[in-house]
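Novice: Just to be clear, the model below is a prediction. Sequence and coordinates:
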Amino acid sequence: MAQIEDSVNALHPYVREKLLQSLKECKKQKKFVSVFETKRSAERQNRLYSQGKTKAKAGDSNHQFGLAFDLCFEKNGKRTWEGDWNSVGSIMMKHGFAWGRFFSSFPEDCHFEMTFDIPKASLRNAWRSGGHIACWKLVDAKLKKERTSTRLPFPKSHSEENHVSITDILWKILSKIIVKKIKK
Ligand SMILES: [Zn+2]
């Protein structure tokens, strides 16, 4: 039987960070959830598929890409899928996760993922050529692009630096006039 991977280290570092932040908030709100499964092996994915427990075959699930995970509740030291998913789901969504409850094909309360708007076909192709690491490279490129683009739209337009530079320009014009007058 394929082992169930529940380590957050099997998730992309950004997804991992967001998950850890979310778990902290869940705990604060007394919603005791834990990670049931993160990255899933192709073997396990296909087995779940054959059991009708998922719509995705190996390579079609964000679990293989290290971008999805399933949570469960902890009650009296036991794992259960019965609990306040409404609260947990809203905490997770606040941290940027897509919630499986709203998936049209296979809704699941316990499933959360973050795919950074990367098309499924791109992730699938990357996974086939280089496994989850290739998928993570796509995510890294996307994150890098987003980080640089957020700096672009308003380059210091309302900052004080801009006022200084306008003053500088005015001063330069003024000083040229003064120099001209002196030369006369
Ligand atoms: Zn899942």
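Specialist: Received the coordinates, thanks.

Novice: What is the longest helix of this structure by residue count?
Specialist: The helix that spans the most residues within the chain, counting by DSSP state H, is helix 120-149.

Novice: How far off centre is it?
Specialist: For helix 120-149, the gap between its own C-alpha mean and the chain's C-alpha mean amounts to 12 Å (CA atoms, centre = their mean, to the nearest Å).

Novice: Pull out the buried positions in it.
Specialist: By neighbour count, with 16 or more other CB atoms under 10 Å as the criterion, the buried positions of helix 120-149 are 123-124, 126-127, 132, 135-136, 138-139, 142. (C-beta placed from N, C-alpha, C; glycine too.)

Novice: With distance to residue 46 and pLDDT as extra columns, can I get the residues you listed in TSV?
Specialist: As requested, those are arranged in TSV below (distance: CB to CB, whole Å; pLDDT from 0 to 100):
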residue	distance to residue 46	pLDDT
123	18	97
124	15	97
126	19	97
127	14	97
132	16	97
135	18	98
136	22	98
138	23	98
139	24	98
142	28	96
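
Novice: and the gap between residue 51 and residue 12?
Specialist: Counting by CB to CB, to the nearest Å, the gap between residue 51 and residue 12 amounts to 27 Å.

Novice: more crowded one of the two?
Specialist: Taking residue 51 and residue 12 together and counting by other CB atoms under 10 Å, residue 12 has the greater number of neighbours (22 against 8).

Novice: Kindly provide the distance from that one to residue 135.
Specialist: Distance check for residue 12 against residue 135: by CB to CB, it reads 8 Å.

Novice: for residue 82, same thing?
Specialist: When distances are taken as CB to CB, residue 82 and residue 135 turn out to be 32 Å apart.
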